[in-house]
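Peer 1: sequence plus predicted model, see below.
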Number of protein chains: 2
Amino acid sequence: MRLKCTVSYDGTGFAGYQVQPQKRTVQGEIEAALAKIHKGQRIKIHGSGRTDAGVHAKGQVIHFDTPLNLPVTRWPIAINTSLPEDIVILSAEEMDPEFHARYDAIGKEYRYMIQLSKQRDPFLRHYAYQYSYPIDVRLMEEAANYLTGTHDFTSFCSAKAEVIDKVRIIKTIEFLDENGLLVIRFVGNGFLYNMVRILVGTLLEAGRGEREPSTFKEILEKKDRKYAGKTAPGHGLYLWEVFY
Amino acid sequence: MRLKCTVSYDGTGFAGYQVQPQKRTVQGEIEAALAKIHKGQRIKIHGSGRTDAGVHAKGQVIHFDTPLNLPVTRWPIAINTSLPEDIVILSAEEMDPEFHARYDAIGKEYRYMIQLSKQRDPFLRHYAYQYSYPIDVRLMEEAANYLTGTHDFTSFCSAKAEVIDKVRIIKTIEFLDENGLLVIRFVGNGFLYNMVRILVGTLLEAGRGEREPSTFKEILEKKDRKYAGKTAPGHGLYLWEVFY
């Protein structure tokens, strides 16, 4: 039986999603919980994509195959009982054996949280990027207009990215004020390695008045990481939803 | 010079406010930061009151005396530079040498955060009490009406409390819905050891229908801890403000 699970995690205590030797990872913890349920048998999970150290998830999606015959509604409780407090399985669904959490994803939503303040907030230190400079969100919105649509995002992805095709579609970049935090919503068909964090870092430079919004067109055309801005820190980033 | 500082901290990483040998405490960290600024000289701080392990503060108040002649506006920055990320000095004020953070406090506000859900939320595990049972807030409000005013709160304080006079005035108990959390605001002239947590634990039992609201009158009259309910966990509690 192939199961699809929606997973939420606080990324603070993890070296990232993907298994790494000697490190605490999301995949490692979920596979350890599944091994317990399967009496020691290793069950490999497949995620919709990796998240880096410190990056959070409200709606990561994974799939795995199981020989067990538990009713699907029991799976979240069964796994959660063996998971640490910083990961939770929100829901489970039985899928066609062809379903793949990564290859079948048609889009993703990420959100990035920014605390606009000179004063650090102990409660947000792991959950939002504290940005001390005054910014004009209208300048960020103007710059974001150059980013939505279909573009080659080579300039906005880590030079370490291994994929060849760097053309992606960004459907939405939206700026929200939620309880005093600036939240940037990104919806697109897919995102490259570090892409959201580099987009945020560069948009903040526009908001601060260090870059003209119109230069975003040129950054895209250069297809070179060095023309974009800084990579914003991981702890402000949330994988919000995966679309199928 | 006597300084009054307003302090916020995430209680998760602390064994509580008060210094204890071999343990990480709020007082210990602030005194270590002050020792650095004072070239090793020990500066003792006085808080408005203790908070237990895991309990948070949005507006704890402390005072201390310093021989240094820094402008008062520079103090928060100076201390924050030496403090860990989970404590921050929000403001500083020069006071009369008679001022005392504890003895001059005329009231306090505490807030208690409750996540009403069967599903745990990894992001709230240190910041709200997850309560799985359905509750009726109107029953809690009805019970709370018996608690406001001037009462002997012996029944609602830890048997370990050392003070003799257990009469306190609760001015306000208010139930708010904030971003899906049930928040209970307590304002009073002072609170006994564990008092807010026992009030919350007992109010929740009323909300769940396990206790008649009218029994709160009797609980007060008994002046015996065993008639009240469970002590709610520390991690849902916030020392919100101290009034002078």
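Peer 2: Received the coordinates, thanks. Numbering: from 1, shown residues only, chains lettered A, B, ... in the order given.
Peer 1: from memory residue A:96 sits against residue A:1, does it?
Peer 2: No: applying Cβ atoms under 8 Å, one finds residue A:96 not in contact with residue A:1, separated by 10.7 Å. From N, CA and C alone the C-beta is placed, and that goes for glycine too.
Peer 1: so if I had to pick from those two, which one is more boxed in?
Peer 2: Set residue A:96 next to residue A:1 and count neighbours by other Cβ atoms under 10 Å in any protein chain shown: residue A:1 wins out with 14 against 8.
Peer 1: contact partners for the spatially closest residue to that one that is not a sequence neighbour?
Peer 2: Spatial nearest neighbour of residue A:1, excluding adjacent residues (Cβ to Cβ, 6 or more residues apart in numbering or on different chains): residue A:66 at 5.5 Å. For residue A:66, the contacting residues are A:1, A:3, A:34, A:38, A:43, by Cβ atoms under 8 Å, 6 or more residues apart in numbering or on different chains.
Peer 1: and those residues, which of them are buried?
Peer 2: Burial by neighbour count, judged by 16 or more other Cβ atoms under 10 Å in any protein chain shown, picks out A:3, A:34, A:43 from these.
Peer 1: compute the distance between the residue nearest to residue A:1 and residue A:35, please.
Peer 2: 12 Å (Cβ to Cβ, to the nearest Å).
Peer 1: same question for residue A:82.
Peer 2: For residue A:82 relative to residue A:35 (Cβ to Cβ), the value is 9 Å.
Peer 1: can you map out the helices along chain A?
Peer 2: Taking DSSP state H, the helices of chain A run over residues A:26-37, A:75-82, A:137-145, A:195-207, A:215-222.
Peer 1: okay, buried residues for stretch A:39-47 please.
Peer 2: When neighbours are counted by 16+ other Cβ under 10 Å, the buried residues of stretch A:39-47 are found to be A:43, A:45-47.
Peer 1: to clarify, my last question referred to stretch A:13-24.
Peer 2: A:13-19.
Peer 1: which residues sit against that stretch?
Peer 2: Contacts for stretch A:13-24 (Cβ under 8 Å, 6+ apart): A:25-29, A:31, A:47, A:49-55, A:57, A:60, A:86.
Peer 1: of the residues you listed, which are in range of chain B?
Peer 2: residue A:86 (Cβ under 8 Å from any Cβ of the partner chain).
Peer 1: got a quick PyMOL command for the buried subset of the contacts of stretch A:13-24?
Peer 2: Per 16+ other Cβ under 10 Å, the buried members of the contacts of stretch A:13-24 correspond to this PyMOL selection:
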select buried, chain A and resi 25+26+27+28+29+31+47+49+50+51+52+53+54+55+57+60+86
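Peer 1: that older thread, shared neighbours of residue A:82 and residue A:35, anything?
Peer 2: Joint contacts of residue A:82 and residue A:35 (Cβ under 8 Å, 6+ apart) do not exist.
Peer 1: which residues touch the nearest residue to residue A:123 once chain neighbours are set aside?
Peer 2: Spatial nearest neighbour of residue A:123, chain neighbours left out: residue B:10 (5.5 Å); criterion: Cβ to Cβ, 6+ apart. The neighbours of residue B:10, taking Cβ under 8 Å, 6+ apart as the test, are A:122-123, A:125, B:56, B:86-87, B:126.
Peer 1: mind running it again at 10 Å?
Peer 2: Residue B:10 sits next to A:121-126, B:54, B:56-57, B:84-88, B:126-127 when contact means Cβ atoms under 10 Å, 6 or more residues apart in numbering or on different chains.
Peer 1: closest to residue B:164 out of these?
Peer 2: Residue B:164 has its nearest neighbour among the contacts of residue B:10 in residue B:57, at 26.5 Å by Cβ to Cβ.
Peer 1: what's the spacing between residue A:192 and residue A:82?
Peer 2: Counting by Cβ to Cβ, the gap from residue A:192 to residue A:82 is 34 Å.
Peer 1: flag the shaky bits of chain A, pLDDT-wise.
Peer 2: Across chain A, nothing is flagged by pLDDT under 70.
Peer 1: what are the structural domain limits within it?
Peer 2: A:2-95, A:107-243 (automatic domain parsing).
Peer 1: for stretch A:71-87, buried residues please.
Peer 2: For stretch A:71-87, by 16+ other Cβ under 10 Å, it's A:75-76, A:78-80, A:83-84, A:86-87.
Peer 1: could you count how many residues lie near residue A:193?
Peer 2: Residue A:193 - counted by other Cβ under 10 Å - has 17 other residues nearby.
Peer 1: quick check: chain neighbours aside, which residue is closest to it?
Peer 2: Using Cβ to Cβ, 6+ apart, the closest residue to residue A:193 is residue A:161 (4.0 Å).
Peer 1: what residues are up against the one you found?
Peer 2: A:153-154, A:192-195, A:225.
Peer 1: list the contacts of residue A:137.
Peer 2: Residue A:137 touches A:116, A:144, A:175-177, A:182, A:184, A:203, A:207, counting by Cβ under 10 Å, 6+ apart.
Peer 1: report the contact partners of the closest residue to residue A:133 other than its chain neighbours.
Peer 2: Closest residue to residue A:133 apart from its sequence neighbours, by Cβ to Cβ, 6+ apart: residue A:208 at 5.0 Å. Taking Cβ under 10 Å, 6+ apart as the criterion, residue A:208 is in contact with A:131, A:133-136, A:139-140, A:229.
Peer 1: repeat that for residue A:107.
Peer 2: Here residue A:107 is in contact with A:169, A:171, A:187-191, A:241-244 (Cβ under 10 Å, 6+ apart).
Peer 1: got it, and residue A:185?
Peer 2: By Cβ under 10 Å, 6+ apart, the contact set of residue A:185 is A:109-112, A:172-176, A:238, A:240.
Peer 1: what is it paired to in the beta sheet?
Peer 2: residue A:111, residue A:174 (DSSP bridges).
Peer 1: repeat that for residue A:239.
Peer 2: Under the criterion used (DSSP bridges), residue A:239 bridges to residue A:57, residue A:110.
Peer 1: my read: it touches residue A:62, true?
Peer 2: No: contact criterion Cβ atoms under 10 Å: residue A:239 and residue A:62 do not qualify, at 11.7 Å.
Peer 1: what sits in contact with each of these two?
Peer 2: Here residue A:239 and residue A:62 share the contacting residues A:7, A:17, A:47-48, scored by Cβ under 10 Å, 6+ apart.
Peer 1: and residue A:27, how far from residue A:196?
Peer 2: Taking Cβ to Cβ, one finds residue A:27 at 20 Å from residue A:196.
Peer 1: I misspoke; the intended subject was residue A:127.
Peer 2: Counting by Cβ to Cβ, the gap from residue A:127 to residue A:196 is 16 Å.
Peer 1: so between those two, which is more surrounded?
Peer 2: residue A:196 (27 against 19).
Peer 1: show me what contacts that one?
Peer 2: Residues in contact with residue A:196 (Cβ under 10 Å, 6+ apart) are A:55, A:108, A:110-112, A:156-157, A:170, A:173, A:184, A:186, A:188, A:231-232, A:236-239.
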